[in-house]
Every structure is written in C-alpha cells, then in structure tokens.
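Novice: coordinates only, sequence not included:
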C-alpha cells in the first residue's frame, strides 16, 4: 500500500507539474499581449492589410511592406521562442518527476526484499537460524500492478508530450507558411501596382506624343497648303521652282504651268510669279494627267507605226495607202487643215474630188502601216481629230 501511494504521488506530481508549467506559459503569454486568440489576431492583421488602401508612392509602399514583414517576422520568432521555452521546461519537469518516481520505486523495492542474516550462536557449538519473513501473495501482486500502472502512466505522459510537441511544431510551421504566403501576396500586389502604374504612364506618354505629332503635322500642312485664291510672289535670292513648289505643297509642273514656263526654267531675282490656288492646282493636275495620258497614247501609236513599217519592209508588201483626215468644201479650208498637220510633223497632200477637197496624210507602203498611222493621228492632241480613215493611194 505504501508503494501504491508513492506511485500515485509521483504520477500526480508529473501531471501537476505539467499543468503548472502550462499555466505559467499561458500567464506569460497573456501578460505580453491582449487575451485575443492568435488566429483571430492574425486574421485581423490580414484583413487590415488586405483592406488598407495602397499609396500612390511606390517608395512609401515598399517601406510599409518591409515594416510589416519585419513586424510579422518578429512576432513569429517570439512565438517560436516561447514555444521552445515551454517545451524545454515541460520536458525538464517531466524528466525530474520521472527520475524521482523511479528512485522512490527502487527504494521501495529494496526495502521490501526479504532480510538475510547469518546464523546466530545460542550456545557453544549450537546455532539457531534467524527466521526469514516472506511477503504474502497479495503484496507481491499489488507491487507488480503498481509497477505496470506507473510504467503505463509514464509512457502515456511521454506520448502526450511528444504529440503536443509535434502539434506545436505543426502550428509553428503553418504560421510561418501563412506569413510567407501573405508576404508573397503583398509583394505580388505591390509589383502589379507598380507595373500598372508604369504601363499607364507609358500609355499617357505615347498618347501625348501622338497628339503633339498630329498637331505639328496639321500646323505644317496648314503652313504649306496652297492659298485659297491665287497669290503673287516676288522671287528672292535662292528661290527656285522646286523650292517654291515644296514650300506651297504643290507639283512643280502645276506651278510652272500656272506661270506659262517650263518646269526646268531658272528664276530671276525680282521675277513675279503667280502661286495658283487649290482649285487651279486641281484643274492643272487633271489637265496634266490628260496630257500625260494622251502623250502616252501617242508614243504607243508611234511605236506601233514603226513596228508596222518594219513589218511592211520585211514582207515587201505591195500597194500604197493613205489616211484621209478631212474633206474640205474648198481649197482654202483644205490648206488650213494641211498646215495644221504639217506643223505636227506629218506628210500631207490635197486632192480635188467631186465631193470636195480631200486632205490625205501619207502615203504608207502597205495597209498595215496605214492603219497604224491612222491610230497615231487619232491619238495625237496636236491635230485633235478622230475621223481619220485609210484609203488606197493612187
């Protein structure tokens, strides 16, 4: 029975010591900070961080983020320090209680062993053995049960301590992981805000640059645009048709044609020029385009005429043909038409018929060449005719 009391006393001391250490740690924790659960404090801090408005200053945002990370790291370190201190004190108290319980158990076992004594001389030559006291079966059974209960209690206490240690370590790891996740999230938010601000600034700068370019282009176009009505201009030193045409944003040919000069004419200082208006430039451009088209057609007809003459020469075609361009009512009218064609470089003859005076261009050897000559005459703006037709030359 004495052994059972001592074993129960040892187990009670272990449990009481653990409770006292836990209460002391809790009292130290509550004296340092308000009695709000850690999970609630962390959640409030997270909510405040997530709802706090971000500043527009990137450097200030970085300083605030660094300060928050520093404070969070300090809190985590303090929690780890307290947990380690509590675990060390608990392990020490458990070790001391277990050692004390083992010592008491060993002392009790030693005291309960049967006493052995040597034989005692009663008389000379006569020995009497000292009787040995044997423990009863009830005492032996009680001792074995107490040992088993004590060992089981110690093992259970050790398992609980190990489980609590693992739980505390897991909580610390989770808290650290959560702190790192929050810090990473804040860093990503700050980086995104910085990138958005940079992108917005670049877009604003690009839009401003584009507006400035458009305004400058409009100003230059307005400055170089032709006048709404014809204007007089006095040639200065260094002026030329090309320079003035660029200055007033018009073709050189239009400027030259408006002043009845060639586009290659050199200007004289003091010479008076007419700067054509926009409408005049449009008209001159249309006329120039028509003239170019006519000149192209004339060159093409001339090329075909040369090819046709070459073909006639190679085939040695027989017969001569001419191109009648007019049938005048009298010789004077026929002579006027012939004069116009001769000035354009054509060979012209007149002949009197019963229906009037015929004006014929030619002759051409072979009908193919005569047809090519007819096409050339019909596309020549100098003679301005479209009624030419081929006839046999007699």
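Specialist: Nice, thanks for sending it over. For clarity, every value in this text was computed on a predicted model and none was experimentally measured. Residues are numbered from 1 along each chain as shown.
Novice: can you give me the helices for this structure?
Specialist: Taking DSSP state H, the helices of the chain run over residues 2-32, 38-51, 58-112, 137-224, 241-247, 252-258, 278-315, 331-343, 367-378.
Novice: run the chain-centre distance for the fifth one.
Specialist: Read that as helix 241-247. 45 Å (CA atoms, centre = their mean, to the nearest Å).
Novice: can you tell me which of the helices of the chain is packed in deepest?
Specialist: helix 367-378 (a mean of 22; mean count of other CB atoms under 10 Å). Every residue, glycine included, has its C-beta placed from N, CA and C.
Novice: ranking the helices of the chain by mean pLDDT, which is last?
Specialist: Ranked by mean pLDDT, those bottom out at helix 38-51, which scores a mean of 44.
Novice: could you measure from residue 390 over to residue 350?
Specialist: Distance of residue 390 to residue 350, given as CB to CB, to the nearest Å: 17 Å.
Novice: more neighbours, these two?
Specialist: Set residue 390 next to residue 350 and count neighbours by other CB atoms under 10 Å: residue 390 wins out with 19 against 15.
Novice: that one reaches residue 374, doesn't it?
Specialist: Yes. Applying CB atoms under 8 Å, one finds residue 390 in contact with residue 374, separated by 5.4 Å.
Novice: now for the two: what residues contact both?
Specialist: Both residue 390 and residue 374 are contacted by residue 323, under the criterion CB atoms under 8 Å, 6 or more residues apart in numbering.
Novice: ok, back up a step: now the helices of the chain as a markdown table including distance to residue 360?
Specialist: Listed next are the helices of the chain as a markdown table, based on distance: least, CB to CB, whole Å:
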| stretch | distance to residue 360 |
| --- | --- |
| helix 2-32 | 127 |
| helix 38-51 | 103 |
| helix 58-112 | 93 |
| helix 137-224 | 54 |
| helix 241-247 | 43 |
| helix 252-258 | 35 |
| helix 278-315 | 16 |
| helix 331-343 | 9 |
| helix 367-378 | 10 |
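Novice: which of those sits closest to residue 357?
Specialist: helix 331-343 (3.8 Å; CB to CB).
Novice: tilt between that closest one and helix 367-378?
Specialist: 100 degrees (axes from the mean of the first three to the mean of the last three CA atoms, to 10 degrees).
Novice: what helices and strands are in contact with helix 331-343?
Specialist: strand 320-328, strand 348-353, strand 356-365 (3 or more CB pairs under 8 Å, 6 or more residues apart in numbering; DSSP states H and E).
Novice: can you put these in TSV and add distance to residue 294 and mean pLDDT?
Specialist: Below are the helices and strands packed on helix 331-343 laid out as TSV (distance: least, CB to CB, whole Å; pLDDT from 0 to 100):
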stretch	distance to residue 294	mean pLDDT
strand 320-328	17	89
strand 348-353	21	91
strand 356-365	18	89
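Novice: could these go into TSV alongside distance to residue 107?
Specialist: Shown next, in TSV, are the helices and strands packed on helix 331-343 (distance: least, CB to CB, whole Å):
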stretch	distance to residue 107
strand 320-328	152
strand 348-353	157
strand 356-365	152
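Novice: before we move on, back to that, figure out which of the helices of the chain is closest to residue 234.
Specialist: helix 241-247 (11.3 Å).
Novice: show residues contacting that closest one.
Specialist: Contacts of helix 241-247 (CB under 8 Å, 6+ apart): 224, 233, 251-252, 254-256, 261, 263, 265, 267, 273, 275.
Novice: in the sheet, who's paired with the residue nearest to residue 370 when sequence neighbours are not counted?
Specialist: Distances taken as CB to CB, 6 or more residues apart in numbering put residue 321 closest to residue 370, at 3.6 Å, once the chain neighbours are dropped. Applying DSSP bridges to residue 321 gives these bridge partners: residue 364, residue 392.
Novice: which residues touch residue 321?
Specialist: So residue 321 contacts 362, 363, 364, 365, 366, 367, 369, 370, 390, 391, 392, 393 (CB under 8 Å, 6+ apart).
Novice: nearest to residue 179, of these?
Specialist: Closest to residue 179, out of all of those and judged by CB to CB, is residue 369, at 102.1 Å.
Novice: hang on, isn't the closest one packed against residue 309?
Specialist: Yes. Assessed by CB under 8 Å, residue 369 is found in contact with residue 309 at 4.9 Å.
Novice: neighbours around residue 382, how many?
Specialist: With other CB under 10 Å as criterion, residue 382 counts 14.
Novice: any idea how far the closest residue to it other than its chain neighbours lies from residue 204?
Specialist: Distances taken as CB to CB, 6+ apart put residue 344 closest to residue 382, at 4.2 Å, once the chain neighbours are dropped. The gap separating residue 344 from residue 204 is 67 Å, by CB to CB.
Novice: before we move on, what about residue 93?
Specialist: 68 Å.
Novice: cool, residue 175 as well?
Specialist: Counting by CB to CB - residue 175 and residue 204 are separated by 43 Å.
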